[in-house]
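Asker: need a 3D model of the sequence below.
(chains A and B, ligands or ions: 2)
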2 protein chains.
Amino acid sequence: MTVRPTLAVVGATGAVGTVLLRILSQRADIWGDIRLIASPRSAGRKLAVRGEEVEVRALAEDAFDGVDIALFDVPEEVAAQWAPVAAARGAVVVDNSAAFRRDPDVPLVVPEVNPAALRRRPRGIVASPDCTTLTMIVALGALHAEFGLRELVVSSYQAVSGAGQAGIETLRRQLSLVAGTQLGTNPGDVRRAVGDDTGPFPEPVALNVVPWAGSLCDEGWSSQEMRVRDESRKILGMPQLPVAVTCVRVPVITTHSLTVHARFEGEVTVDKAREIIATAPGVVLCDDPAAGEFPTPADVVGTDPTWVGRVRRALDDPTALELFVCGDNLRKGAALNTAQIAELVAAEKA
Amino acid sequence: MTVRPTLAVVGATGAVGTVLLRILSQRADIWGDIRLIASPRSAGRKLAVRGEEVEVRALAEDAFDGVDIALFDVPEEVAAQWAPVAAARGAVVVDNSAAFRRDPDVPLVVPEVNPAALRRRPRGIVASPDCTTLTMIVALGALHAEFGLRELVVSSYQAVSGAGQAGIETLRRQLSLVAGTQLGTNPGDVRRAVGDDTGPFPEPVALNVVPWAGSLCDEGWSSQEMRVRDESRKILGMPQLPVAVTCVRVPVITTHSLTVHARFEGEVTVDKAREIIATAPGVVLCDDPAAGEFPTPADVVGTDPTWVGRVRRALDDPTALELFVCGDNLRKGAALNTAQIAELVAAEKA
Ligand SMILES: NC(=O)c1ccc[n+]([C@@H]2O[C@H](COP(=O)([O-])OP(=O)(O)OC[C@H]3O[C@@H](n4cnc5c(N)ncnc54)[C@H](OP(=O)(O)O)[C@@H]3O)[C@@H](O)[C@H]2O)c1
Ligand SMILES: NC(=O)c1ccc[n+]([C@@H]2O[C@H](COP(=O)([O-])OP(=O)(O)OC[C@H]3O[C@@H](n4cnc5c(N)ncnc54)[C@H](OP(=O)(O)O)[C@@H]3O)[C@@H](O)[C@H]2O)c1
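Answerer: Ligands and ions are numbered 1, 2, ... in the order given. Okay, here's the model as predicted:
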């Protein structure tokens, strides 16, 4: 095809959208027009992409005329309403929200793990996984292909930007209130300093960790925890995989971290596991504690791959591995994964 | 006994010692003299305990003359050298360091879980567990008594004061450098702001999480992780218990948090688990996510019990529970547990 596909970015002004524009400016430029869309509040703002200023349009039906692929980075309810509209106008939608991830007629795609799932998309919609799932799933997909997964126990250390721009601003405000003080050793002092300004979080997040993300599901589980279980199963094509998750918010701006206890079909070795991780596309092995090498958000933020360190075999179970994994939740956890999916879709059409 | 026992606090000026003096001022006053000891650097300083100013003495053999019970809150190598000296002078030593915890002739005691272990102490030394182990072990001891533990998978969210006064000061310095900035979304920006000033930690801890605590042991494990495994086994009297641990430092001043995946002998119910936790001495159940109730360090710091929330049964394994546990690492994690042990020893003698 000589005509380059037209791309729409819906939610171009948000935390994910902002990073997506940066990514689109950095990757191989396969796009014709790039159209920027957000709420009517942002209409008329100009944002830079590929070195040019582009005016933001308000979300509306005709905004999708002539669009080949539309990347949706908007709240779930907005995606639920508008993705079908864009699809009906002929665009392939790649949605970053939770709105369609569990729909059996919507593939949930991680290009390094299950690219073939992209082929069957009867609704014209493709979903990109939750950022917490994406932090670990590329490495786990590679380990699964070799060892055969049997069980996952996961704990998260989630950055505030997982809750969007509002999350970032909330932590920054709270940090200014507690920095330079002697707070943090007496009951209630952080809470008093921060006041009721907890933003999108149920508790203060500065100088604190908060074991909650998302909304309340059955039997005390959070929606974030259910997502990690449901999405890991769907991406790996293992609907019965046992997955136990506890999600915790930490005072980090960007980059989610996870501890993973992964049990496999038979014995594993650390050497083989490290070799798989070191050679898997999209994953970096960073694992030499003697040299002080393990991934941390401060080093991983702004990078494309997910980083794996602290690779150990469980001392009491030769079939289990322990991992510590970090991934930039706005890049591979969101914007990058959708850009990669869009490139695969564009390649099909070419 | 009409003469009240003499207590020595060795390391009275440290992070744990400071909290211990506060605790001694708050609990039932069963002590005669309270003698304060630290390094020669601190000799002559005056510290408040029980409302009186007491002068700090330098650590020396004769500092233990007439001492009935000596609480040691000093670095491991200082304890290794001086605890036997104090014991030889007739004091019962309660040591908070890792120096003696694995010694088969030194009991490792948590008063709520294994008080009977206190009876056999041929070296005259009693050890108090690591603060990370103590965060979960009171709740787990109670659950084990009812359900029978089979396996633990644990991830920690450890506060900087676990690394003593130097840890607290490092985070406070780093927070002042990053607060009010836009740092945290680009590679290396936190590291550049913080510079080489990482204090007792291998990486910046402000706006970061660091998957390392302690020194390097075999096969990539950290000493902190090995301790949680070894000590849980010793306290529960289960030398074969499978325990998989990953320890991570977070930017919280005081109060460690843990996620725990605990597998038991047979089916468990959340109702029974909550009842056990709610009635166990030294533990608080804080678990109503619908009302926004779960423990966080900001609420738990400065309190005596360990707090348990997010109690769920694993969705794919009716024999496993998921828990989120918080405990003040300077109180139950250190000073309080030694004060409780000292009270038990004093009661024996009475
Ligand atoms: N943050 C992450 O790590 C992450 C990771 C994976 C997936 N996601 C998902 O990605 C989506 C975007 O997240 P975010 O973190 O970027 O959120 P955000 O920072 O709050 O940005 C929201 C974006 O949606 C736009 N928007 C809101 N209401 C709209 C409406 N009624 N019509 C049109 N546009 C509207 C906003 O435009 P205005 O600026 O004009 O209001 C903004 O561009 C969410 O579904 C989120 O769950 C986020
Ligand atoms: N922090 C925790 O959460 C925690 C929890 C459980 C167990 N522990 C253990 O408790 C112990 C104390 O920890 P911390 O956090 O309180 O450490 P810290 O804040 O660094 O305090 C160290 C204390 O030891 C004293 N000291 C150091 N070298 C000495 C020497 N050569 N002779 C006599 N006294 C000496 C110091 O006195 P000066 O002020 O005079 O130097 C100070 O009182 C360590 O073994 C630690 O592993 C700590």
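Asker: quick one, strands of chain A?
Answerer: A:7-10, A:34-38, A:46-49, A:52-58, A:69-72, A:92-95, A:125-127, A:149-157, A:243-246, A:256-264, A:283-285, A:306-313, A:320-327 (DSSP state E).
Asker: okay if I get those strands as TSV plus mean pLDDT?
Answerer: Supplementary listing: these in TSV, determined by pLDDT from 0 to 100:
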stretch	mean pLDDT
strand A:7-10	98
strand A:34-38	98
strand A:46-49	98
strand A:52-58	97
strand A:69-72	98
strand A:92-95	98
strand A:125-127	98
strand A:149-157	98
strand A:243-246	98
strand A:256-264	98
strand A:283-285	98
strand A:306-313	98
strand A:320-327	98
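Asker: so for residue B:62, which of these sits nearest?
Answerer: Judged by C-beta to C-beta, the one of the strands of chain A that comes nearest to residue B:62 is strand A:306-313, at 46.9 Å. Any C-beta I mention is one placed from the backbone N, CA and C, and that applies to glycine too.
Asker: any part of that closest one near chain B?
Answerer: Yes. Using C-beta under 8 Å from any C-beta of the partner chain, strand A:306-313 comes into contact with chain B via A:309-313.
Asker: one more: stretch A:208-221?
Answerer: Yes. Contact of stretch A:208-221 with chain B (C-beta under 8 Å from any C-beta) involves A:208-212, A:216, A:219-221.
Asker: which of those residues ranks first by neighbour count?
Answerer: In terms of neighbour count, residue A:208 stands highest of those at 31 neighbours, by other C-beta atoms under 10 Å in any protein chain shown.
Asker: nearest to ligand 1: which residue in chain A?
Answerer: Nearest residue of chain A to ligand 1 (C-beta to the nearest ligand atom) works out as residue A:14 at 2.1 Å.
Asker: now the nearest residue to residue A:75 once chain neighbours are set aside: how far from residue A:125?
Answerer: In space, not counting the residues next to it along the chain, residue A:75 is nearest to residue A:97; the distance is 6.7 Å by C-beta to C-beta, 6 or more residues apart in numbering or on different chains. According to C-beta to C-beta, to the nearest Å, residue A:97 stands 11 Å off from residue A:125.
Asker: the two: who's more crowded?
Answerer: Here residue A:97 and residue A:125 are set side by side on neighbour count (other C-beta under 10 Å), and the busier one is residue A:125, at 24 against 21.
Asker: what does the model give residue A:248 for pLDDT?
Answerer: In the prediction, the pLDDT value recorded for residue A:248 is 98.
Asker: okay, now it: neighbour count?
Answerer: As a burial measure, residue A:248 scores 25 neighbours (other C-beta under 10 Å).
Asker: any common contacting residues for residue A:97 and residue A:125?
Answerer: Shared between the contact lists of residue A:97 and residue A:125 (criterion: C-beta atoms under 8 Å, 6 or more residues apart in numbering or on different chains) there are no residues.
Asker: from what I see, residue A:67 and residue A:8 are in contact.
Answerer: Yes. With contact defined as C-beta atoms under 8 Å, residue A:67 and residue A:8 form a contacting pair (4.5 Å).
Asker: between these two, which contacts overlap?
Answerer: Any residue near both residue A:67 and residue A:8 by C-beta under 8 Å, 6+ apart counts here, and that gives A:35, A:86, A:91.
Asker: what about the first one, how many neighbours?
Answerer: Yep, that's residue A:35 we're talking about. Applying other C-beta under 10 Å, we find 22 residues neighbouring residue A:35.
Asker: could you export the residues of stretch A:208-221 next to chain B as TSV, including pLDDT?
Answerer: Putting the residues of stretch A:208-221 next to chain B into TSV (pLDDT from 0 to 100) gives the following:
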residue	pLDDT
A:208	97
A:209	98
A:210	98
A:211	98
A:212	98
A:216	97
A:219	94
A:220	96
A:221	98
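Asker: okay if I get those residues as JSON lines plus distance to residue A:320?
Answerer: Output for those, formatted as JSON lines (distance: C-beta to C-beta, whole Å):
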{"residue": "A:208", "distance to residue A:320": "31"}
{"residue": "A:209", "distance to residue A:320": "25"}
{"residue": "A:210", "distance to residue A:320": "28"}
{"residue": "A:211", "distance to residue A:320": "24"}
{"residue": "A:212", "distance to residue A:320": "27"}
{"residue": "A:216", "distance to residue A:320": "31"}
{"residue": "A:219", "distance to residue A:320": "26"}
{"residue": "A:220", "distance to residue A:320": "26"}
{"residue": "A:221", "distance to residue A:320": "23"}
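Asker: can you name the two of those that sit furthest apart?
Answerer: Pairwise distances across the residues of stretch A:208-221 next to chain B (C-beta to C-beta) peak at 25.4 Å, for the pair A:208 and A:219.
Asker: can you list the residues of the stretch 1-150 of chain A near ligand 1?
Answerer: Residues of the stretch 1-150 of chain A lying near ligand 1 by C-beta under 6 Å from any ligand atom: A:11-17, A:38-39, A:41-42, A:59, A:73-76, A:78, A:96-97, A:131.
Asker: list buried residues within the residues you listed.
Answerer: Burial by neighbour count, judged by 16 or more other C-beta atoms under 10 Å in any protein chain shown, picks out A:11-17, A:38-39, A:42, A:59, A:73-74, A:78, A:96-97, A:131 from those.
Asker: closest residue of the stretch 1-150 of chain A to chain B?
Answerer: Of the residues in the stretch 1-150 of chain A, the one nearest chain B is residue A:19, at a distance of 8.2 Å by C-beta to the nearest C-beta.
Asker: measure that residue to residue B:188 for me?
Answerer: The separation that residue A:19 has from residue B:188, given C-beta to C-beta, amounts to 17 Å.
Asker: likewise for residue A:229?
Answerer: As defined by C-beta to C-beta, residue A:229 lies at a distance of 34 Å from residue B:188.
Asker: okay, and the beta partners of residue A:70?
Answerer: Judged by DSSP bridges, the bridge partners of residue A:70 are residue A:8, residue A:93.
Asker: neighbours of it, how many?
Answerer: Around residue A:70 there are 29 other residues, counting by other C-beta under 10 Å.
Asker: run through the helices of chain A in chain order.
Answerer: With DSSP state H, the ranges of helices along chain A come out as A:15-26, A:76-88, A:131-147, A:164-178, A:189-194, A:223-236, A:270-279, A:297-300, A:336-349.
Asker: looking at those, which is nearest to residue B:82?
Answerer: The stretch from the helices of chain A with the least distance to residue B:82 (C-beta to C-beta) is helix A:189-194; that distance is 34.9 Å.
Asker: tell me if that closest one is near chain B.
Answerer: Yes. Helix A:189-194 comes into contact with chain B (C-beta under 8 Å from any C-beta), by way of A:189-191.
Asker: pLDDT wise, what is residue A:2 at?
Answerer: Predicted confidence (pLDDT) for residue A:2: 63.
Asker: sounds good, over and out.
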